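Visitor: one predicted model, sequence on top.
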Amino acid sequence: MKYGKQTLALLTALLMIAGVLAGCAKEETLTLRVGVIASPTALDPAGISTAGEKILIDHLYENLMKNTNDGKGGAKAVAGQARSYEVTENLDGTETYTFTLRDNIYWSDGQKVTAHDFVYAWQRLVDPATGSPHAEVLSMVAGYAEARTRNDLSLLRVSAASDNKLEVTLSYRCPYFISSVCTSPYTMPVRQGTVTADSPTNGAYTITAREEGRLTAQVSNGYYDTRKLGPQELQFVFAPDSDGTMQLYQNGGVDFVWPLPESEMASLAKDNYWKADSYAQVYTVLFNQMSVGVQSEELRRAMLLTVDRPAVAALLGVGAKAAGGLVPSGVRDPADGSDYRTTNGDLLDSNQENYEQNCQQAREALKAAAITDPGSVTLDYRYTKSDINQQVAELLQKTWNKELGLRVKLVPLTEEQLQQSLSNGEYIMAGLSLTAQWDDPTAILSKWTSGNAGNYGFYSNSAYDMLMRVTNASSKAEVRSAYLKDAEGLLLQNAQTIPLYFTTTAFKLRDGLEGVFHDGLGNYYFTGVNRVSK
């Protein structure tokens, strides 16, 4: 067979183009190795207990909405399994969201995802029998309280009008419902009868291999949005702690590591341009309102005034900062989406120059509490046993004895023991971390409303409850924000809790890669990671 010169030139050009395209395809293939602390014990959205499990769930499952990079390293919600939604205002003041699911969404075993899967998952999350610590994420859904107290899940106002129509009625206006609840790892869909270690998933990635210390996931077959994904494969590599994941990073074993150990963060902090990420978590001292020992508001206020928050935060180094209030940094202000703590300022005085004056006010408050012999008062303080919690407890013990003459008995416990003490009300004071489960101040403040399942302080204040009710009823973001600030102020005025420090965090991504983003709640996303353009 003979070819003309033009034909040969054309064939040569086509072969060159094919070679270039093949090279590009090879260049674009990316495997991202992610360091994760602790091997996951469960991949059940309702049963997540660790930050590493949240990361896995966020990439193996997809919610009605999904988070994408807002261009600044933060997260914004866009259409996920639902291609659209409509909101209807009802005559009784409730709102109904109608979600239309995509036609081309599938479970990893090939079955179609339907609205019934979301109904089942949300009812299961709320069901007391499930025992999920995250049920409150759906507290704005009409019928939530009734479904839990009456043990009748049909009372929860979530239903499937058809296979691709999901209807959810909210008992009050919830500005964070779409952006935070409908993207939450806890409210991911679950197919009935398949909640096992090998449950089918519906996200951008599907598990393809499990081995000791590693879980591999590849882009899901038939996923509707593969063109926007960066990594073709994610490898989650497990280590026992942050030092372990950092060692993996340094040895070239992983490309992403979070959270960084304190030593690494301290090293980075030497760079004036480096700044840690917010992690919406506050460590606070909780008073048991039912305990006779701390029922005196004046006593609690005296204890609050004498706490040296900068000294407490210094025990953790750059991984913490003195708490300016109860709502931690990283939570958005309802009014404008800015950081709530930054916008509203500090409600607690952490100025070292004012410390002695605050201690004098504390001693006066102690006198007002009619405690004539502080040394005769012994208060037990319970906390989860760890090196840093022990140091914090010892500092509090020393401070309250030196400044107020109070005696404090330290009671270190396991996490399970502390949780049991909180649930049963068998404690006087307790130190615990509170992490915002949704991106709104109510994620923290709602825990002090009467009857709330997380109200371990057994706090009951009609004025506080009213502020939280009018917050939920408000249709104006600015007004809502003002009510929340008033509620937080009232709680601290009552000295019902003593916020100690806010947690900060940081990650490292291998040089030559970019595109990791986070939502401020401790969730990091890798769907948009790519190689740095040359």
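Guide: Now that the structure is in, tell me what you want to look at. Computed from a predicted structure; not experimentally measured. Numbers count the residues shown, from 1 in each chain.

Visitor: so where's the protein shaky on pLDDT?
Guide: Confidence mapping of the chain against pLDDT under 70 gives the ranges 1-28, 196-197.

Visitor: tell me the domain boundaries of it?
Guide: Residue ranges of the domains in the chain are recorded as 31-256+507-531, 278-505, according to automatic domain parsing.

Visitor: can you give me how far the last one is from the chain middle?
Guide: Distance of domain 278-505 from its chain centroid, counting by Cα atoms, centre = their mean, to the nearest Å, is 19 Å.

Visitor: end to end on it, go ahead and measure it.
Guide: Its start and end residues considered, domain 278-505 measures 6 Å (Cα to Cα, to the nearest Å).

Visitor: check stretch 383-392 too.
Guide: 10 Å.

Visitor: show me which residues of that stretch are buried.
Guide: In terms of neighbour count (16 or more other Cβ atoms under 10 Å), stretch 383-392 has its buried residues at 383-384, 389, 392. No exception for glycine: its C-beta is placed from N, CA and C like everyone else's.

Visitor: hmm, back to that, can I get the domains of the chain in TSV with distance to D271?
Guide: As requested, the domains of the chain are exported to TSV (distance: least, Cβ to Cβ, whole Å):
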stretch	distance to D271
domain 31-256+507-531	13
domain 278-505	11
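
Visitor: which of the ones you listed sits closest to S267?
Guide: Smallest distance to S267 across the domains of the chain (Cβ to Cβ): 9.5 Å, for domain 278-505.

Visitor: ok, the closest residue to A239 other than its chain neighbours - how many residues close by?
Guide: Excluding the flanking residues, the one nearest A239 by Cβ to Cβ, 6 or more residues apart in numbering is T245, at 4.5 Å. By the measure other Cβ atoms under 10 Å, the count of residues near T245 is 28.

Visitor: return the subset of the buried residues of stretch 383-392 lying in strands.
Guide: Secondary structure assignment by DSSP state E places 383-384 of these in strands.

Visitor: including distance to L32, could the buried residues of stretch 383-392 go into CSV?
Guide: Putting these into CSV (distance: Cβ to Cβ, whole Å) gives the following:
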residue, distance to L32
Y383, 37
T384, 33
N389, 34
V392, 36
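
Visitor: from the buried residues of stretch 383-392, which single one is nearest S162?
Guide: Each of these was scored against S162 by Cβ to Cβ, and T384 proved nearest at 47.0 Å.

Visitor: list the contacts for the closest one?
Guide: The contact partners of T384, by Cβ atoms under 8 Å, 6 or more residues apart in numbering, come to 412-415, 418, 431-432.

Visitor: 10 Å - rerun?
Guide: When the contact criterion is Cβ atoms under 10 Å, 6 or more residues apart in numbering, the partners of T384 are 390, 412-419, 430-433.

Visitor: distance check, it against S533.
Guide: Spatial separation of T384 from S533 under the definition Cβ to Cβ, to the nearest Å is 45 Å.

Visitor: for A506, same thing?
Guide: As it turns out, when the distance is counted by Cβ to Cβ, A506 lies 24 Å from S533.
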